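Enquirer: Fold the following.
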Amino acid sequence: MSQLSAARHRAAASRQHHVLRIFGYCLLALTVGMTLFVCFTYRTLNANLHVVDLDGLLSNRPAKVNTGPKGPLNILVMGSDSRDGKGNNIDGLTNEGQRSDTTIIVHLSADRKHAYGVSLPRDAMVQRPDCKKRNGDTIPGGFDMFNAAFSYGGPTCTMQQVEQLTGIRIDDFVVVDFGGFKDMVDAVHGVKICVPEDVDDTVGNIHLKAGTRVVKGNEALDYVRVRHGISANGDIGRMKRQQVFIASMINKVMSKGTLTNPVRLINFLKAATKSLTVDKGLGDLKKIADLGLQFKGISLDDIKFITVPFEEYPPDHNRLQWTSDADNLWRKIRNDQPLSKKLSSDAVSAGDEGGKGDKGKPSSSASPSSSPGANSTTDDASHEEIARENGLCT
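Expert: Sure thing, here's the model as predicted:
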């Protein structure tokens, strides 16, 4: 090899080495940057959470049922307008302390094949048990509206009340702030709903146009809080529409458009963590992520939302009471059993992303008796009637 060729070879090798070295530095910088970004994001999201310590505050707790290697999970989810923020004053009321108009028991089966959420009406009359406060004082129990427990003692007293009334051991609780809820909807670029006819609620100053569309911000908040001019049964209709909205939102969050979009996903997580109050069992992001992974094998059609069986409370037609069928529902949750056709007849499925509900269609989470029979035409008619009563599309 001539001296000139050797020199050229050394120069080329030097340039290649220089390029590789620069590439290595860039890769190292990118790795360090991504690591710092992930750590910063994790710490930021973790710091957003508000964690409540329940140690020593709950008494006479039901036994935990284990029917498999993992055991079933029961999570108490509450919607709150107690924090300061735009959109929190959902009923046109002023600062009167904590309020919760949404309470849902979410049951996840031990085999992780189905989950269902049971809404508990705020206007139901129940026997509220004594409840301990952090300072050691006791809030005396009494016969009261269901949501009074939250007003008196927040999520702790509500959790104590639910356990005493149902015999169900609650594993963890989550409180979602209404102001943060709106930000969560905006983070996923809106949620699809269906409004059967134009709504003009002069009491709450809410006006919604009929039709199926994607809503964001204040319009999304209006949809979940409207009570007048849309359904014949007031707060029960609102509760059912909240179920439909939550189901549609789950569908949107689990879609590829959210899960494969890092910016959208991080924005959703930021909004979610800012709006959450949890117990120590869900006190950091890893624990919440672990809970989310428990749902990964469940079809959206097998995530159902129902309402506890209820009837009018005779002394006051503006109040409700649970029926004897509620005992059957609590028994099924305690024993980790699928819902019967009767209990799931008006279920809303997370598999329906249009905000119409699923008209009680059977899924793998239903019991064997839940297959359609000869009276399916009658069932369809009754479901349409239920939809109209609750301000839902058919």
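
Enquirer: switch to C-alpha atoms for all contacts and neighbour counts from now on
Expert: Noted.

Enquirer: how much space between residue 345 and residue 309?
Expert: Using C-alpha to C-alpha, to the nearest Å, one gets 11 Å for the distance from residue 345 to residue 309.

Enquirer: wait, I meant residue 109
Expert: If you go by C-alpha to C-alpha, the gap between residue 109 and residue 309 works out to 21 Å.

Enquirer: More neighbours: which of the two?
Expert: Under the criterion of other C-alpha atoms under 10 Å, the comparison of residue 109 against residue 309 puts residue 109 first, with 25 against 19.

Enquirer: so what's that one closest to, chain neighbours aside?
Expert: residue 72 (4.7 Å; C-alpha to C-alpha, 6 or more residues apart in numbering).

Enquirer: Can you report phi and psi for residue 107?
Expert: phi -110, psi 120 (degrees, to the nearest 10).

Enquirer: Contact partners for it?
Expert: The neighbourhood of residue 107, defined by C-alpha atoms under 8 Å, 6 or more residues apart in numbering, consists of 72-75, 115-117, 333.

Enquirer: Narrow those residues to those that are buried.
Expert: Buried subset of the contacts of residue 107 (neighbour count, 16 or more other C-alpha atoms under 10 Å): 72-75, 115-117, 333.

Enquirer: Going by distance to residue 214, which of these wins?
Expert: Distances from the buried ones among the contacts of residue 107 to residue 214 were compared by C-alpha to C-alpha; the smallest belongs to residue 117, at 23.6 Å.

Enquirer: Quick check: the gap between the closest residue to residue 132 other than its chain neighbours and residue 161.
Expert: Spatially, and ignoring its direct neighbours in sequence, residue 132 is nearest to residue 138 (4.5 Å; C-alpha to C-alpha, 6+ apart). Residue 138 sits 14 Å away from residue 161 when distances are taken as C-alpha to C-alpha.

Enquirer: Neighbour count for these two, which is higher?
Expert: residue 161 (24 against 13).

Enquirer: mind checking the backbone torsions on the more buried one?
Expert: With angles defined as degrees, to the nearest 10, residue 161 shows backbone torsions of phi -60, psi -50.

Enquirer: Let's see the pLDDT reported for it.
Expert: Residue 161 carries a pLDDT value of 97.

Enquirer: before we move on, what about residue 123?
Expert: With respect to pLDDT, residue 123 has a value of 91.

Enquirer: right, and it touches residue 149 too?
Expert: No: here residue 123 lies out of contact with residue 149, judged by C-alpha atoms under 8 Å, at a distance of 11.8 Å.

Enquirer: between those two, which one's more packed in?
Expert: residue 149 (28 against 19).

Enquirer: Surely that one touches residue 128?
Expert: Yes: contact between residue 149 and residue 128 holds when scored by C-alpha under 8 Å: they sit 6.9 Å apart.

Enquirer: Any chance you could list residues touching both of these two?
Expert: Taking C-alpha under 8 Å, 6+ apart as the criterion, residue 149 and residue 128 both touch residue 161.

Enquirer: and residue 336, backbone torsions?
Expert: The phi/psi pair for residue 336 (degrees, to the nearest 10) reads phi 60, psi 50.

Enquirer: List the residues that contact the residue nearest to it when sequence neighbours are not counted.
Expert: The spatial neighbour of residue 336 that comes closest, neighbours along the chain excluded (C-alpha to C-alpha, 6+ apart), is residue 109 at 6.0 Å. When contacts are counted by C-alpha under 8 Å, 6+ apart, residue 109 is found next to 71-73, 115, 336-337.

Enquirer: Lowest-confidence one in those?
Expert: Ranked by pLDDT, these bottom out at residue 71, which has 88.

Enquirer: Could you confirm that residue falls within a strand?
Expert: No: going by DSSP: H, G, I helix; E, B strand; the rest coil, the assignment for residue 71 is coil, not a strand.

Enquirer: where's the nearest residue to it once chain neighbours are set aside, which helix or strand?
Expert: Once flanking residues are discounted, residue 71 sits nearest to residue 110: 4.5 Å by C-alpha to C-alpha, 6+ apart. With secondary structure defined by DSSP states H and E, residue 110 is part of neither a helix nor a strand.

Enquirer: what number of residues lie near residue 110?
Expert: Residue 110 is surrounded by 20 other residues when neighbours are defined as other C-alpha under 10 Å.

Enquirer: Next, work out how far apart it and residue 70 are.
Expert: Plainly put, residue 110 is 6 Å away from residue 70 if you go by C-alpha to C-alpha.

Enquirer: for the helix or strand where residue 247 lies, packing partners?
Expert: Of the helices and strands defined by DSSP H and E, residue 247 is found in helix 234-253. Other helices and strands packing on helix 234-253, by 3 or more C-alpha pairs under 8 Å, 6 or more residues apart in numbering; DSSP states H and E, are strand 191-195, helix 217-225, strand 303-307, strand 348-349.

Enquirer: Quick one: those as TSV, columns for mean pLDDT and distance to residue 322 too.
Expert: As requested, those are exported to TSV (pLDDT from 0 to 100; distance: least, C-alpha to C-alpha, whole Å):
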stretch	mean pLDDT	distance to residue 322
strand 191-195	90	29
helix 217-225	86	23
strand 303-307	92	10
strand 348-349	85	20
